[in-house]
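> Have a look; sequence and predicted model below, questions after that.
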Amino acid sequence: MSNYEKVLPSDFDPSKGESPSPLYELGSVIAHQGSSADSGHYQAFVKDDEDLNGDTWFKFDDEKVSNVSREKIESLAGGGEGDSALILIYKAVGLP
């Protein structure tokens with residue numbers, strides 16, 4: 001038995017079309033605020049692991065840390081001079 005097979009759930013049945021791949025969830029976002037790469041400001045947004053619903057995130061802006069909502073994270077697709085997500089950091093969930 002391979003190491004990969006050892007981590008699969010005991011009830012895993014590939015004949016049912018199940019995928020053994022883990023799921024991923026967004027855990028952090030690095031964002032840029034400004035009109036160009038030559039100017040502006042970078043910030044980090046990190047999901048609160050203690051919030052099981054994923055509604056609370058922390059915003060790290062230099063020395064200031066504040067709470068933001070999931071709606072703020074969803075708005076980071078932006079553009080223009082607002083916050084724009086540049087780097088998305090995911091973590092694996094699902095496999096034991």
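In hand now; what should we look at?
> quick one: contacts for the residue sitting nearest the centre point of the chain?
Centroid-nearest residue in the chain, with C-alpha atoms, centre = their mean: Leu26, separated by 1.8 Å. By C-beta atoms under 8 Å, 6 or more residues apart in numbering, Leu26 lies in contact with 47, 73, 88-90. For every residue, glycine as well, the C-beta is placed using N, CA and C.
> check which helix or strand covers it.
Assigned by DSSP states H and E, Leu26 falls within strand 23-36.
> Just the C-alphas of that strand, formatted as PDB.
The C-alpha trace of strand 23-36 is given here as PDB (Å, rounded to 0.1, in the frame of the first residue of the first chain):
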ATOM      1  CA  LEU A  23     -10.300  20.700  -0.900                       C
ATOM      2  CA  TYR A  24      -8.700  24.100  -0.600                       C
ATOM      3  CA  GLU A  25      -9.900  27.200   1.200                       C
ATOM      4  CA  LEU A  26      -8.800  30.700   1.000                       C
ATOM      5  CA  GLY A  27      -6.800  31.600   4.000                       C
ATOM      6  CA  SER A  28      -4.900  34.900   3.200                       C
ATOM      7  CA  VAL A  29      -4.800  37.600   0.600                       C
ATOM      8  CA  ILE A  30      -2.000  40.000  -0.300                       C
ATOM      9  CA  ALA A  31      -3.500  43.200  -1.800                       C
ATOM     10  CA  HIS A  32      -2.300  46.400  -3.400                       C
ATOM     11  CA  GLN A  33      -4.000  49.700  -3.000                       C
ATOM     12  CA  GLY A  34      -3.000  52.300  -5.600                       C
ATOM     13  CA  SER A  35      -3.300  53.200  -9.200                       C
ATOM     14  CA  SER A  36      -0.100  51.500 -10.400                       C
END
